[in-house]
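Undergrad: kindly generate the corresponding structure for this input.
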Amino acid sequence: MTPRPAPDWRTTDWLNTPEPLTLERLRGKVILLHAFQMLCPGCVARGIPQAQRVAEVFAGAPLVVVGLHTVFEHHEAMKLESLRAFLHEYRVRFPVGVDAPGEGGDPIPRTMRAYAMQGTPTTVLIDAQGRLRRQVFGMHDDLQLGAELQTLLLEAQTGPASGAQRPAPQKVPAACDDSGCR
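TA: The predicted structure follows:
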């Protein structure tokens, strides 16, 4: 995916954060945006637990996990109070924005439409410069996701791969002979 500016989030409410989050406010941090619906079996069984693990594993890193509750079906069953109870029951601690309803009766919420998401769960990776770097519909492999996040975190430290020179890897001295290295 060619990096391009990530679309702004269009939300109506925010949970688990004292103030609404914006891409501009999070500039300088890598963002994992996890789009989900609380009635989506794949989101509940795999997507949300994966996002929670990322939040735990990368705690202290310049990385933020943000949930986006993007309802495109069963609108009446997934109101704000139901979402509050869901986040409490599933112990979701990361910030969660509620995607704004589509315009003019469009069943697709605004942020979901802006990102051209196919459904939920969707994992979106945004680099520290606010650029969309990867978007995966369905389950994202844990190892692949970890490698992609680490790449974005390293870029955030050393600058984007397109222009900055990375430091050369340092050689580790070892004593080696025909029997191996010690």
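
Undergrad: so where's this protein uncertain?
TA: Under the criterion pLDDT under 70, the flagged ranges of the chain are 73-78, 160-182.

Undergrad: geometric centre of it: which residue is closest?
TA: Centroid-nearest residue in the chain: Leu32, 1.6 Å away (criterion: C-alpha atoms, centre = their mean).

Undergrad: which residues touch that one?
TA: Residues near Leu32 by C-beta atoms under 8 Å, 6 or more residues apart in numbering: 51, 54, 63-66, 123-125, 145, 149. From N, CA and C alone the C-beta is placed, and that goes for glycine too.

Undergrad: and with 6 Å instead?
TA: Contacts for Leu32 (C-beta atoms under 6 Å, 6 or more residues apart in numbering) come out as 54, 65.

Undergrad: can you verify it is assigned to a strand?
TA: Yes - applying DSSP: H, G, I helix; E, B strand; the rest coil, one finds Leu32 inside a strand.

Undergrad: any idea how far it lies from Asp106?
TA: Between Leu32 and Asp106 the computed distance is 26 Å (C-beta to C-beta, to the nearest Å).

Undergrad: same check on Leu149?
TA: Distance of Leu149 to Asp106, given as C-beta to C-beta: 32 Å.

Undergrad: got it, and Pro18?
TA: Distance of Pro18 to Asp106, computed by C-beta to C-beta: 31 Å.

Undergrad: higher neighbour count, these two?
TA: The neighbour comparison of Pro18 against Asp106 (other C-beta atoms under 10 Å) goes to Asp106, with 12 against 6.
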